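J.: What shape does this take:
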Amino acid sequence: MYNASVYRDENGEVTGVFAAARDITERKLAEEALKKAHENLEKIVEERTAELEKAYVSLKESEKGLAEAQEMAHIGNWEWDTETDKAYWSEEMYRIFKRAPQELAPSYDEFLSYIHPDDRDYVDNALKKKAAVGEKIHSVEYRIVLANEEERTVHMQSETTFDEKDTRVKGIIQDITERKRSEEKLQILANAVESSNDAIVTLSLNGVITSWNKAAEQIYGYSAEEILGEDISILEPENIKGEIKQFSEKIKQGKKVQHYESTRLKKGGTIINISVTLSPIFDVTGKLVAISGIVRDVTERIKAEEALRESEARLRQFYESDMLGVYYFDLEGSVTDANDKLLEIVGYTREDLQAGKVSWNKMTPQEYRSLDERTLAELKTIGIKEPLEKEYIRKDGSRVPVIVGIATFDQARNEGIAFVLDITEKKKAEEALANIETTRKKEIHHRIKNNLQVISSLLDLQADKFDNPRVIEAFRESQNRVISMALIHEELYKGEGTDTLDFSTYIRELAENLFQTYSLKSKNIHLLMDLEENVFLNMDTGVPLGIIVNELVSNSLKHAFPGKDKGEIQIKLHREKNGKHKKKDDKATSFILIVSDNGVGIPENLNIKDVDSLGIQLITTLADQLDGKFELKNNNGTEFIMRFTLIDKR
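T.: Coordinates of the predicted model:
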């Protein structure tokens, strides 16, 4: 390379030239090398840029593929810096938590707010506290609650890394909600299989037992450990060997076996009756892989059905027999069916029955309607009712005495069944016996009355033989007592019944007889009676009570009116309120008997039980016999008050 300079004088004229030459070969070589290097660098940059662009595209495709894979597997990845509390979430994390992608990944506390309150401490301990003590890998399952209140279940696996600057936790979260739901359904199904009362058994296609639930153990007697792996033919009795194999072939051919009844062999050799349903089991491709059997032990049902058939046969024999009338009825009063004996009892024909002319309402007399209605009402609630004795009206209008037992009433079918026994002959026999008994009792009372009258006459004759007034008085009193008893038997003899006495009528006759016996011609003594009607007493009560009245009236007639020209004796008998019952089902009636006079009265401070008198002692004894309570009052005369109670045990 050359370089030249021109020199000039003061006038600008050229005075000389200076020239210099430099060798620039090396520089030229260097420039050439630099140019080539620059060109190579540009080429390398272009190539590297192309490689980076290719790598970037590949990375984006990888990220897209990862995101798609995460979406398909419901797995999201995340990273959390514990020092800065900043996190990174993949796209699937946002989808799992239903969080908007444009939002930043949540802080730790915000992340915890997604977790179900019952699981929050558990997750916090796994992430934060375990990381603090150096545990690196954690795996937990927990529930999250989304903004729309939907509850999901996730599985989280995380890893903690430590360095001098900070601690980072990264991991994955998988949404396992559907899997958990499937597991729960499978568990429910498994529980149902185990808790079923039916044996549920699975067989391979060649007949090997592969599953065996608890009910199968109970029905067949084999435990699962004993039976699994055995051929199903172990359960077949000898007479039906090969039956299960035939059924399996039907299933393989697409046929059904439902509720087939057969027999099986229990462990120990006992034969049982079973009902079996077989079903195919397919894999996910639809291929038949096994056979399921549901077996129910119907041994007891079969026995019950056989017993029912035998019972029905016996009932049919009974229904068709001549022993009892049997009929079916509805609440509308129609007899829907009846045996021949019932038709014979009520005088109808089979044609009448078929024409709907036979009705238990029509057959029932009016006086029994309320009883029937009450019986039917009770029958609906308490079942079988005790038999009733009543009458039926026959077709010809005559009546027939019967005993009716209504066994049951089926409200669903609106139908009841009744059994009828004709007791006509029984009633005739009872009536004949009753007439004989009545006649016998009347004859006894008649003879007793006559004998008592004879005794009374003898006492009267005997009294005439004595002059001592006291002896005569004793005879008269005894005579009055005998007459009192004779009057009772006379009333019993006259009455229709033979066991009870119309006590009010008896008292009237007794009092009138006493007034005739003690004829007080010079005195005007009046008898007033206030007696309740229809008081019927039995012999055990009527006799002692009659003697008490006899003694009291006699005493008043003899002692109450000395020196008086007139007087008044009153007899009252009335019912009072019911007294205490001796037994729960007894009916008690309380009475009050008052015998009073307006005579001279009794001495003051007299204790009646201390009086040495046969009559007073007799009254006291008889009152005790009747469990009666009595008292004497001295108020312008004498008043005897006695209360007693009668127990009706019928």
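J.: Poorly predicted segments of the stretch 101-250 of the chain, please.
T.: Applying pLDDT under 70 to the stretch 101-250 of the chain flags the ranges 129-136, 164-165, 192-193, 195.
J.: mind listing the helices for it?
T.: Applying DSSP state H, counting those that start in this stretch to the stretch 101-250 of the chain gives helices spanning 108-113, 120-124, 130-132, 177-195, 214-220, 224-227, 243-252.
J.: Would you point to the one among those helices that's packed deepest?
T.: For the helices of the stretch 101-250 of the chain, the largest average neighbour count (mean count of other Cβ atoms under 10 Å) is found in helix 214-220, namely a mean of 19. Where you see a C-beta, it was placed from the backbone N, CA and C, and this is true even at glycine.
J.: Now do that helix: which elements does it pack against?
T.: Packing partners of helix 214-220 (3 or more Cβ pairs under 8 Å, 6 or more residues apart in numbering; DSSP states H and E): strand 199-204, helix 224-227, strand 288-297.
J.: go again using 6 Å as the cut-off
T.: Applying 3 or more Cβ pairs under 6 Å, 6 or more residues apart in numbering; DSSP states H and E, we find helix 214-220 packed against strand 199-204.
J.: can you list the residues that contact the strand it packs on?
T.: Contact partners of strand 199-204, identified using Cβ atoms under 6 Å, 6 or more residues apart in numbering, comprise 193, 210-213, 215-216, 219, 232, 290-295.
J.: same thing with stretch 358-373?
T.: 329, 333-335, 346, 348, 352, 390-393.
J.: buried ones in it?
T.: 358, 360, 363-364, 368, 372 (16 or more other Cβ atoms under 10 Å).
J.: quick check, nearest of these to residue 433?
T.: residue 368 (24.7 Å; Cβ to Cβ).
J.: Give me the neighbour count for residue 31.
T.: Neighbourhood size, residue 31 [other Cβ atoms under 10 Å]: 11.
J.: Now which of the contacts of stretch 358-373 would you call buried?
T.: 329, 334-335, 346, 348, 352, 390-393.
J.: Can you tell me the SS state at residue 641?
T.: Secondary structure, DSSP: H, G, I helix; E, B strand; the rest coil: residue 641 is strand.
J.: start to end distance for stretch 575-589?
T.: 7 Å (Cα to Cα, to the nearest Å).
J.: Check stretch 260-280 too.
T.: Note: stretch 260-280 ends 16 Å apart using Cα to Cα.
J.: pLDDT averaged over it, what's the number?
T.: Taken as a whole, stretch 260-280 has an average pLDDT of 91.
J.: chain center to that stretch: distance?
T.: Computed by Cα atoms, centre = their mean, to the nearest Å, the separation of stretch 260-280 from the middle of its chain amounts to 34 Å.
J.: With stretch 338-351 instead?
T.: Its chain's C-alpha centre and that of stretch 338-351 lie 41 Å apart, by Cα atoms, centre = their mean.
J.: Show me what counts as buried in it.
T.: Buried residues in stretch 338-351 (16+ other Cβ under 10 Å): 338-339, 341-343, 345-348.
J.: Make TSV out of the contacts of stretch 358-373 and add secondary structure, distance to residue 551 and pLDDT.
T.: Written out in TSV, the entries for these read as follows (DSSP: H, G, I helix; E, B strand; the rest coil; distance: Cβ to Cβ, whole Å; pLDDT from 0 to 100):
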residue	secondary structure	distance to residue 551	pLDDT
329	strand	62	83
333	coil	62	75
334	strand	66	83
335	strand	64	87
346	helix	59	89
348	coil	65	91
352	helix	68	88
390	strand	48	87
391	strand	49	90
392	strand	54	90
393	strand	55	90
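J.: who are the neighbours in contact with residue 85?
T.: Contacts of residue 85 (Cβ under 6 Å, 6+ apart): 107-108.
J.: on that earlier part again, now for the buried residues of stretch 358-373, which pair is the farthest apart?
T.: Most distant of the buried residues of stretch 358-373, by Cβ to Cβ, are 358 and 368, 17.0 Å apart.
J.: Next step: the buried residues of stretch 338-351 restricted to strands.
T.: Mapping those onto strands (DSSP state E) picks out residue 338.
J.: and which of the buried residues of stretch 338-351 is nearest residue 269?
T.: residue 339 (46.6 Å).
J.: Quick check: bridge partners of residue 159?
T.: Here residue 159 sits in beta bridges with residue 137, residue 170, as judged by DSSP bridges.
J.: what does residue 400 give?
T.: Judged by DSSP bridges, the bridge partners of residue 400 are residue 392.
J.: so what's residue 508 closest to, chain neighbours aside?
T.: Of all residues beyond its chain neighbours, the one nearest residue 508 is residue 529 (6.3 Å), with distances taken as Cβ to Cβ, 6 or more residues apart in numbering.
J.: Likewise for residue 176?
T.: Of all residues not flanking residue 176 in the chain, residue 155 sits nearest, at 5.0 Å (Cβ to Cβ, 6+ apart).
J.: Ends of stretch 184-204, what's the gap?
T.: The first-to-last residue distance of stretch 184-204 comes to 26 Å (Cα to Cα).
J.: Identify the residue spatially nearest to residue 646, adjacent ones excluded.
T.: Using Cβ to Cβ, 6+ apart, the closest residue to residue 646 is residue 589 (5.1 Å).
J.: if we can go back for a sec, name the nearest of the contacts of stretch 358-373 relative to residue 281.
T.: Of the contacts of stretch 358-373, the one sitting nearest to residue 281 (Cβ to Cβ) turns out to be residue 329, at 54.7 Å.
J.: The closest one and residue 416 touch, don't they?
T.: Yes: in this structure, residue 329 is within contact of residue 416 by Cβ atoms under 6 Å, at 5.4 Å.
J.: hmm, back to that, quick check: the farthest pair among the contacts of stretch 358-373?
T.: Between all members of the contacts of stretch 358-373, the farthest pair (by Cβ to Cβ) comes out as 352 and 390, at 21.1 Å.
J.: Would you list the phi and psi of residue 394?
T.: The phi/psi pair for residue 394 (degrees, to the nearest 10) reads phi -70, psi 170.
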